[in-house]
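Novice: Got a predicted structure here, sequence first:
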Amino acid sequence: MHEAGTLSRPALRRQLRQARRQLSPLQQRRAARELYRQLAQHPLFRRARHVALYLPSDGEIDPRPLLRAAQRRGKATYLPVLSRWPRTRMSFQRTHAGEAMGRNRFRIAEPRACQARQRPAWALDLVLLPLVGFDEQGGRLGMGGGFYDRNLAYRHLRKNWHKPTLLGLAHECQKVDRLALASWDVPLQAVVTDRRWYA
């Protein structure tokens with residue numbers, strides 16, 4: 001576990017990104033398998049009909065086995081799509097097995113934008129989010145662009161609205177003792193690593 005108290009958010013972000021990048025390809029494959037075992041049979045995943053995931057980059061834990069499982073089970077699956085520069089909007093777009101992907105401004109694979117296939121966050125059941133760091137209180141440190149925070153902030157404007165469930169996905173090495181959260185940070189219901197759940 002990393003000590004977060006003495007580091008600025010940018011410094012902590014650099015340290016945690018370096019930690020996950022240092023995982024070998026074998027460690028990454030094992031982590032993806034263990035993440036799948038943690039989530040594939042969990043009621044939250046099994047009951048969800050509309051599930052948003054992400055395609056990994058920069059050492060992020062790989063949810064693609066879960067994406068394939070969701071598609072085999074007939075779930076509607078969604079991936080994030082970024083608006084063109086200089087806009088900072090992100091949407092969740094339905095994706096299908098074998099679909100051709102493009103690259104966004106950060107060189108991350110994503111579906112080619114199609115507004116007719118996009119779904120608002122409040123209409124999803126489950127969102128599996130990438131992160132750079134997390135703590136046991138549901139705090140999430142992202143990459144710093146704020147795309148997820150802006151997209152999901154709307155859920156806090158409606159009372160008694162419990163969708164979607166937000167689960168962060170991470171390697172165990174991304175855990176910190178306590179994150180200092182900003183006012184715009186959207187809290188998670190839980191974080192799932194290759195080793196355990198933090199709720």
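Specialist: Happy to help now that I have it.
Novice: Just list the residues touching P111, thanks.
Specialist: Counting by CB atoms under 8 Å, 6 or more residues apart in numbering, P111 makes contact with L79, V81, Q93, T95, E99, M101, G102, R117. Heads up, the C-betas are built off the backbone N, CA and C, glycines and all.
Novice: Got the phi and psi for the last one?
Specialist: Main-chain dihedrals, R117, degrees, to the nearest 10: phi -100, psi 10.
Novice: Any idea how many residues pack against it?
Specialist: Neighbourhood size, R117 [other CB atoms under 10 Å]: 17.
Novice: That one and R94 touch, don't they?
Specialist: Yes. In this structure, R117 is within contact of R94 by CB atoms under 8 Å, at 4.4 Å.
Novice: tell me the centre residue of the chain?
Specialist: L129 (1.3 Å; CA atoms, centre = their mean).
Novice: That residue pairs with what?
Specialist: G168 (DSSP bridges).
Novice: what are the ranges of the strands in the protein?
Specialist: With strands called from DSSP state E, the chain shows them at 50-52, 76-82, 90-95, 101-103, 109-111, 118-119, 126-129, 133-134, 140-141, 165-170, 190-193, 197-198.
Novice: can I get those strands in CSV with distance to L39 and mean pLDDT?
Specialist: Formatted as CSV, those follow (distance: least, CB to CB, whole Å; pLDDT from 0 to 100):
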stretch, distance to L39, mean pLDDT
strand 50-52, 10, 97
strand 76-82, 14, 94
strand 90-95, 18, 92
strand 101-103, 23, 87
strand 109-111, 21, 89
strand 118-119, 21, 92
strand 126-129, 8, 96
strand 133-134, 16, 92
strand 140-141, 17, 86
strand 165-170, 8, 94
strand 190-193, 6, 94
strand 197-198, 9, 94
